[in-house]
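K.L.:
Fold the following.
(chains A and B)
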2 protein chains.
Amino acid sequence: MTSAITQVTGFRAVGVTCGLKQSGNPDLALVLSDGPCTAAAVFTTNAFKAAPVLYDMALLERVGGMRGVVINAGNANAVTGQQGLRDAEQMARLTEQACQLPADSVFVMSTGVIGEPMPMHKLERGIALAARAIATPAGEQGQDAARAIMTTDTVSKEAFLQTTVSGQPVRLGGMAKGSGMIHPNMATMLAVVVTDANVAATALQAALRQAAAASFNRVSVDGDTSTNDTLLLLASGQAGNPAIEPESAAFGQFVAALTQLCIKLARMIARDGEGATKLIEITVSGAATEAEADRAAKTVATSPLVKTALFGNDPNWGRVLAAIGRSNVQVNPTAVSLWLGDFLLLSAGEPQPFDAVAASQWLAGANEVKLRAQLGVGQAQATVWTCDFSYKYVEINAEYHT
Amino acid sequence: MTSAITQVTGFRAVGVTCGLKQSGNPDLALVLSDGPCTAAAVFTTNAFKAAPVLYDMALLERVGGMRGVVINAGNANAVTGQQGLRDAEQMARLTEQACQLPADSVFVMSTGVIGEPMPMHKLERGIALAARAIATPAGEQGQDAARAIMTTDTVSKEAFLQTTVSGQPVRLGGMAKGSGMIHPNMATMLAVVVTDANVAATALQAALRQAAAASFNRVSVDGDTSTNDTLLLLASGQAGNPAIEPESAAFGQFVAALTQLCIKLARMIARDGEGATKLIEITVSGAATEAEADRAAKTVATSPLVKTALFGNDPNWGRVLAAIGRSNVQVNPTAVSLWLGDFLLLSAGEPQPFDAVAASQWLAGANEVKLRAQLGVGQAQATVWTCDFSYKYVEINAEYHT
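P.N.:
Numbers count the residues shown, from 1 in each chain, chains lettered A, B, ... in the order given. This next block holds a predicted model:
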């Protein structure tokens, strides 16, 4: 089967099983480009950055001509001390050697349990398997790569789109994982996006920051930020368009396409939030600034009371207001309005009569719920994505033992 | 039965039933002093302050010689527009008239559902009943007052202590309610503390702010701040001590006693958090400032991943580290240490071998769990209280319909 990544000219991807997951599912992914790529990335802002994050940050500063990324699930290689740093570097070295690539050409990502040493013998075996699979012309296992990076995800997450930049067709494909510990402060969990567009390095990093701000940085499952969050973008340039420079018209086209792709992946993460039964889209408008709209929407998106009410199909709008009220943004209490889907619940600060039974029935049948709040202060707005909060979230996180 | 409030010289308290709660339990509390009191209060910082909060804030500014407070459960009178403001004032007026007290001598508090108009006919009947009960010399119903203010609380919360100020015995008694929507940003939910100490008005407000900062403002159940949070302190002066002035030695003694009483009530709230099976005490030391210690501890206290792990008796310390790491405080990753009870999990940034099975068994048997983190940066520390996060929390909040 064709995957989103491998639909982009010049990229290959495989997923293999090496015993890092107890389930026996694929747990090691390898994404490679046929030629050198420009790379950009955004990383977690968590103070306890995992070893692979520290490795990649240094690599991104130092060198160009990147060829790919190796990713394992089952162990996050986070808070693993000095040994963890050596293991992350070794993971890159083993991959580069197995694939006959130059040193310092492969990024590393890990996800899974925190604080356990990486079982390097399993990883070594997995890397050898992946190198063999990706070298085989028939080895079209791109979708296994997206499956290999899953942890508590229930579905794999891929997105592809084709657009036109400077009159040239350009392709973008990506995969992501993430279901819990989702409240990115730069990027969320692990995501890899590849493109065949030709993009100048500075333009690529700027484009990724802008796209992440409007997509992965606007999704929350539980308010918890991972130690391993990484969003990596590789651009092979094989589309043959003139190099995209910052602040050009082509840059605007590229950012728009990249943002659209990232929003697709971010929404998939929210919809597949641990235990989720609904995707919740929260739009706050009428805010003083975009940052305030974003903060108000995220406060609603992380309120356990709002999220449990939506799980219970309860149009309990008082909890939404209480969350906005504590978010420390400017609001005009006598001008605030609130909608749940098409139900107007509050208008200019006064509660409105509405059919609560019909609203509850609508919630029960909806797998996507839009909440809109108008703060009555300014013109700025922001949209964030989250999910409801169910018994299943507690089960997953109380019973996923270390 | 004697209650904590009525053990303080000169105070009476009753709780009656007037049909505001569907359960038929007491739902209206009245606390009165035999003579005029000095009052201090701290209120929610939520932007959508409930009508009784706005009423009390204005009253506290305007007048002295306070006589008591009337409190209802079942309806929060919050986000109720102009009618809500009129209803809060009417609630005070009805109480003052029924008890033959001067106008502007009674505070008002409400807790319950947000956004529903207050059923004033029920309230009127309840106030009449309460006025009759409190006037009856045999009507020692103080414990019913603490029961009347409960919502999802499973136990009523009272505390009493006697101390000595300037060589004079002084008594403090208080009651509180709160189980969900607990993450005070000034005070938590509803609490009333009374004392017979003679305290100057400015000293009383300063004492209450200090005590609240180290008690109610250090407790969190779910990170959600209520629209109705109010902590009210009434001082009758009947102990006969010389008036306590700010920054005196007596002030220090009084603040210490008041803080101790408030911590007792705050811990009761955390222990009775919605669905809680354990009280969790989190101490962060070695921080750059007390504000940073407080922020790091609160980030752990509101992490759904930490709280579900503790419910599952899982010593999953990686989640604790990840929460501290995203709290935006200075940490030294190579100097951080972490303890769960007596188990040392991380020392100077390196994971320590520990008996995970024994730790899990200890968690399973503990109804109080201490988590300690040393950030390795400075000398400041803070302690916060919270509870674990169980299926029952989701049940309570998904099935408590509006």
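
K.L.:
Output the set of residues of the stretch 1-150 of chain A in proximity to chain B.
P.N.:
A:45-49, A:76, A:78-82, A:113-116 (CB under 8 Å from any CB of the partner chain). No exception for glycine: its C-beta is placed from N, CA and C like everyone else's.

K.L.:
buried ones in the longest helix belonging to chain A?
P.N.:
Using DSSP state H to define each element, chain A has its longest helix at helix A:249-271. Using 16 or more other CB atoms under 10 Å in any protein chain shown as the test for burial, helix A:249-271 gives A:250-251, A:253-255, A:257-271.

K.L.:
quick one: average confidence on it?
P.N.:
Here helix A:249-271 scores 84 as its mean pLDDT.

K.L.:
Neighbours of the residue in the stretch 51-200 of chain A positioned nearest to chain B, how many?
P.N.:
Proximity of the stretch 51-200 of chain A to chain B (CB to the nearest CB) peaks at A:Ile114, 2.6 Å away. A:Ile114: 26 surrounding residues under other CB atoms under 10 Å in any protein chain shown.

K.L.:
what's the nearest residue to it if we skip its chain neighbours?
P.N.:
B:Gly318 (2.6 Å; CB to CB, 6 or more residues apart in numbering or on different chains).

K.L.:
which stretch of helix or strand covers the one you found?
P.N.:
For B:Gly318, the host element (DSSP states H and E) is helix B:317-325.

K.L.:
Return the distance of that helix from the chain's centre.
P.N.:
Helix B:317-325 sits 27 Å away from the centroid of its parent chain (CA atoms, centre = their mean, to the nearest Å).

K.L.:
after that helix, next one along is what?
P.N.:
In N-to-C order, the element after helix B:317-325 by DSSP H and E is strand B:337-340.

K.L.:
helices and strands around the helix or strand encompassing A:Ala39, which ones?
P.N.:
Assigned by DSSP H and E, A:Ala39 belongs to strand A:28-43. Judged by 3 or more CB pairs under 8 Å, 6 or more residues apart in numbering or on different chains; DSSP states H and E, strand A:28-43 is in contact with strand A:11-16, helix A:51-62, strand A:66-72, helix A:120-135, helix A:142-148, strand A:190-195, helix A:201-213, strand A:230-235.

K.L.:
Could you dump these into JSON lines with distance to A:Thr302 and mean neighbour count added?
P.N.:
Below are those laid out as JSON lines (distance: least, CB to CB, whole Å; neighbours: other CB atoms under 10 Å in any protein chain shown):
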{"stretch": "strand A:11-16", "distance to A:Thr302": "32", "mean neighbour count": "27"}
{"stretch": "helix A:51-62", "distance to A:Thr302": "23", "mean neighbour count": "19"}
{"stretch": "strand A:66-72", "distance to A:Thr302": "27", "mean neighbour count": "27"}
{"stretch": "helix A:120-135", "distance to A:Thr302": "34", "mean neighbour count": "19"}
{"stretch": "helix A:142-148", "distance to A:Thr302": "27", "mean neighbour count": "25"}
{"stretch": "strand A:190-195", "distance to A:Thr302": "21", "mean neighbour count": "29"}
{"stretch": "helix A:201-213", "distance to A:Thr302": "18", "mean neighbour count": "21"}
{"stretch": "strand A:230-235", "distance to A:Thr302": "20", "mean neighbour count": "28"}
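
K.L.:
With mean pLDDT added, can I get these in TSV?
P.N.:
Listed next are those as TSV, based on pLDDT from 0 to 100:
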stretch	mean pLDDT
strand A:11-16	92
helix A:51-62	91
strand A:66-72	93
helix A:120-135	96
helix A:142-148	87
strand A:190-195	78
helix A:201-213	79
strand A:230-235	82
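
K.L.:
closest one to A:Glu281 among these?
P.N.:
helix A:201-213 (17.0 Å; CB to CB).

K.L.:
Need the three-state assignment for the nearest residue to A:Leu363 once chain neighbours are set aside.
P.N.:
Nearest residue to A:Leu363, sequence neighbours excluded (CB to CB, 6+ apart): A:Asn313, at 4.0 Å. Under DSSP: H, G, I helix; E, B strand; the rest coil, A:Asn313 falls in the coil class.

K.L.:
shaky segments in the stretch 301-402 of chain A?
P.N.:
A:400-402 (pLDDT under 70).

K.L.:
Just want the residue of it that's nearest chain B.
P.N.:
Counting by CB to the nearest CB, the stretch 301-402 of chain A gets nearest chain B through A:Gly318, at 2.6 Å.
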